[in-house]
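Student: sequence first, then the predicted structure, then my questions.
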Amino acid sequence: KIPMLQGLYFAITHGNNRALPEPTILGRMYYCGFELISQREIEGYTYFIFRKIKVPSTDEHPSYGPLIKLKRTGKDGKIFYVYKLRTMHPYSEYLQEFIYKRNKLEDCGKIFNDFRITAWGKILRKFWIDEIPQVINLIKGDMSIVGVRPLSEHFLSLYPDDVKQLRMKFRPGILPPGVAEDIPKSFEGTLDAERQYLLKKMKSPFMTDFVYFWRILYMILFNKTRGQ
């Protein structure tokens, strides 16, 4: 189902007995403007009931391949696309608000029991491999080496106004400041880590990033801090 191989896939299978992961089914429906009303398993089959609530998404090319680009908020509120290696099932990005309402957040600030993440995706995240394509954003000038993580509009809406305003003053980064003291164990801890970093950067941009860069590198290489 990789884009370059889709033609071969359908030529061989003719689309018969095609299996789609649950997140992809849900994501496709939300992309098309539906919301889930009910879901039930009956005799080995999963049935969904959806309701149309809005017009389909205007995204012309939803991510499907191994290299994806996701819409994020950057400096001055500018919307840009961040590049990553896929760690979630296709169309998962359209389920963010849905799964947040259903599962809420873990103490660390991530979605609790996020079924959108694939088995190999967990490995890529653990060793930060999925972040490598963000070098493209670095070259384009959308991101810096050190900085707060670029967020979707939904996740940014969960942040308090003071942190939102501070975030808008700088480009997001590949290496998040929270890793400098090990990854925060709560959403409030993430907010505090970002707030402290951004206030320091307001006073001394270069030295703040210089100090944080070496702290983060130490935590990853020697303290074996892993991604989530």
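Tutor: Now that the structure is in, tell me what you want to look at. Bear in mind the structure is a predicted one, so any value in this text is a computation, not a measurement. Residues are numbered from 1 along each chain as shown.

Student: all strands for this protein, in order.
Tutor: 34-42, 45-52, 67-73, 79-85, 144-146, 173-175 (DSSP state E).

Student: winner for burial among the ones you listed?
Tutor: strand 173-175 (a mean of 22; mean count of other C-beta atoms under 10 Å). (C-beta placed from N, C-alpha, C; glycine too.)

Student: what about Pro160, neighbour count?
Tutor: Here the number of neighbours of Pro160 (other C-beta atoms under 10 Å) works out to 9.

Student: in TSV: the strands of the chain, plus distance to Ala11 and mean pLDDT.
Tutor: Below are those laid out as TSV (distance: least, C-beta to C-beta, whole Å; pLDDT from 0 to 100):
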stretch	distance to Ala11	mean pLDDT
strand 34-42	30	94
strand 45-52	28	94
strand 67-73	24	91
strand 79-85	27	94
strand 144-146	44	96
strand 173-175	40	94
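
Student: show me the one of the ones you listed that comes nearest Thr58.
Tutor: strand 67-73 (11.2 Å; C-beta to C-beta).

Student: gap between that closest one and the chain center?
Tutor: 8 Å (C-alpha atoms, centre = their mean, to the nearest Å).

Student: by contact count, what packs against it?
Tutor: Applying 3 or more C-beta pairs under 8 Å, 6 or more residues apart in numbering; DSSP states H and E, we find strand 67-73 packed against strand 79-85, helix 153-156.

Student: how many degrees apart are it and strand 79-85 in direction?
Tutor: 150 degrees (axes from the mean of the first three to the mean of the last three C-alpha atoms, to 10 degrees).

Student: quickly list what the residue nearest to Ile37 when sequence neighbours are not counted is bridged to.
Tutor: Sequence neighbours aside, Ile49 is the residue nearest to Ile37 in space, at 4.5 Å (criterion: C-beta to C-beta, 6 or more residues apart in numbering). Beta bridges link Ile49 to Ser38, judged by DSSP bridges.

Student: can you put the helices and strands packed on strand 67-73 in a markdown table and add distance to Glu181?
Tutor: As requested, those are arranged in a markdown table below (distance: least, C-beta to C-beta, whole Å):
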| stretch | distance to Glu181 |
| --- | --- |
| strand 79-85 | 24 |
| helix 153-156 | 21 |
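
Student: which one of the ones you listed lies nearest to His14?
Tutor: Comparing the helices and strands packed on strand 67-73 by C-beta to C-beta, strand 79-85 comes nearest, at 30.3 Å.

Student: circling back to that earlier point, closest to Leu95 out of the strands of the chain?
Tutor: Comparing the strands of the chain by C-beta to C-beta, strand 34-42 comes nearest, at 9.5 Å.

Student: show me what the closest one is packed up against.
Tutor: helix 22-31, strand 45-52.

Student: let's have the ones you listed in CSV, adding distance to Tyr81.
Tutor: Putting the helices and strands packed on strand 34-42 into CSV (distance: least, C-beta to C-beta, whole Å) gives the following:
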stretch, distance to Tyr81
helix 22-31, 17
strand 45-52, 28
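
Student: by mean pLDDT, which helix or strand of the protein comes out lowest?
Tutor: helix 6-13 (a mean of 81; mean pLDDT, DSSP states H and E).

Student: check the gap between the residue nearest to Leu199 when sequence neighbours are not counted and Arg195 for me.
Tutor: Excluding its sequence neighbours, the residue lying closest to Leu199 (C-beta to C-beta, 6+ apart) is Leu166, at 7.1 Å. Using C-beta to C-beta, to the nearest Å, Leu166 is found at 7 Å from Arg195.

Student: check Pro90 too.
Tutor: 35 Å.
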